[in-house]
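S.K.: Give me a model of this one.
(3 chains)
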Amino acid sequence: MPELPEVEAARTTAEHVAGGRRITAVWCAGDPIVLEASPARLRRALLDRRVRGVGRHGKHLWLELDGQPWLAVHFGMSGGLYTPGRGVRLRSSGTRDWGAGWPPRFTKLRLAFHDGGELAIADPRRLGRIRLRNDPRHELPISLLGFDALRELPPPRRFLALLGTRAAPIKALLLDQAFAAGVGNWVADEVLYQAGLDPRRPARALSPDDGRRLRAAIRAVLTTAVRAGADSRRYPKTWLFHHRWTRNTVTARGEPVRHDTVGGRTTAWVPAVQR
DNA sequence: CTCAGTGTTCAGTG
DNA sequence: TCACTGAACACTGA
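M.R.: Take a look at the predicted model:
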């Protein structure tokens, strides 16, 4: 569930369910890897607190409470935020998501609110982290992140300057959270496809026009995915997204899709249009 | 049984 | 020190 659009959808859900409500029950799994704070400390920090709002930077999410510390969440590769009575969600691969039952399998933290609402954070693969922070935005690990790729995309000039010094493949730079926070593997591939850029090209070898197209594609992909509520069934038919999970396939326009490893990650791209 | 996988971190390299 | 690469982490499902 976890790139910027999915986390923004989780933020919206959390805002609707928890915003303005008081936490009346806290349930923690016995998982010291995902829960960086002890269950006792989490209970003490959360119980009877009111949720003032829900923030996001890149792939990180936090609940702003009426007292410190606040709850900060990173979903890792397989984590997600769920609430009861929401329709079955599909994962990108088309298999059923974990949100179907209640509470979901692999729930690590579950909150109940005074009006009867509930939230659960689940994480099968345990690469996510649930933490307590007094000021999440200015403390580790969020303090190390670059600009939020949706809300803080730098103006063209500054964006070009940021590319200019980096020798890494452009795909690797896009995945670097200290550069653009929130871009993950599928967003990076979609952006490079729409910008018409070969993922292996060194960032500093991009022309000013390449850089402008890249910036525009980041904005277009993220705003479209967020507007769709991160529901991949609603993404445009022309997107590479719908074909990246299948080997030896073609796009909606009949262009062959290739899979290579770039920046240490499986990369789907279309040599016919990416130069 | 094996392996890839919407992510991050850290050791190792040049 | 810097910039970058690749393995490790942990677990499910194809």
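S.K.: can you pull the contacts of the residue of the stretch 151-275 of chain A found nearest DNA strand C?
M.R.: Distances between the stretch 151-275 of chain A and DNA strand C by Cβ to the nearest atom of the strand are smallest at residue A:167, namely 3.3 Å. Any C-beta I mention is one placed from the backbone N, CA and C, and that applies to glycine too. In this structure, residue A:167 makes contact with A:202-204, judged by Cβ atoms under 8 Å, 6 or more residues apart in numbering.
S.K.: Among those residues, name the buried ones.
M.R.: Buried subset of the contacts of residue A:167 (neighbour count, 16 or more other Cβ atoms under 10 Å): residue A:203.
S.K.: quick one: the residue of the stretch 151-275 of chain A closest to DNA strand C and residue A:274, what's the gap?
M.R.: Noted for residue A:167: a distance of 19 Å to residue A:274, by Cβ to Cβ, to the nearest Å.
S.K.: re the thing from before, out of the contacts of residue A:167, the closest to residue A:150 would be?
M.R.: For these, the closest approach to residue A:150 (Cβ to Cβ) belongs to residue A:203, at 20.3 Å.
S.K.: okay but that closest one is in contact with residue A:175, surely?
M.R.: No. With contact defined as Cβ atoms under 8 Å, residue A:203 does not reach residue A:175; the gap is 11.7 Å.
S.K.: in chain A, which helix has the most residues?
M.R.: Longest helix of chain A, by residue count under DSSP state H: helix A:208-227.
S.K.: so does it get close to DNA strand B?
M.R.: No. Remark: helix A:208-227 sits outside contact range of DNA strand B, by Cβ under 7 Å from any atom of the strand, the gap being at least 9.8 Å.
S.K.: So which elements touch that helix?
M.R.: Contact partners of helix A:208-227 among helices and strands, from 3 or more Cβ pairs under 8 Å, 6 or more residues apart in numbering; DSSP states H and E: helix A:4-18, helix A:156-164, helix A:185-195.
S.K.: try it again with 10 Å
M.R.: Counting contacts by 3 or more Cβ pairs under 10 Å, 6 or more residues apart in numbering; DSSP states H and E, helix A:208-227 packs against helix A:4-18, helix A:156-164, helix A:170-175, helix A:185-195.
S.K.: Just the buried residues of it, please?
M.R.: A:210-211, A:213-215, A:217-218, A:221-222, A:224-226.
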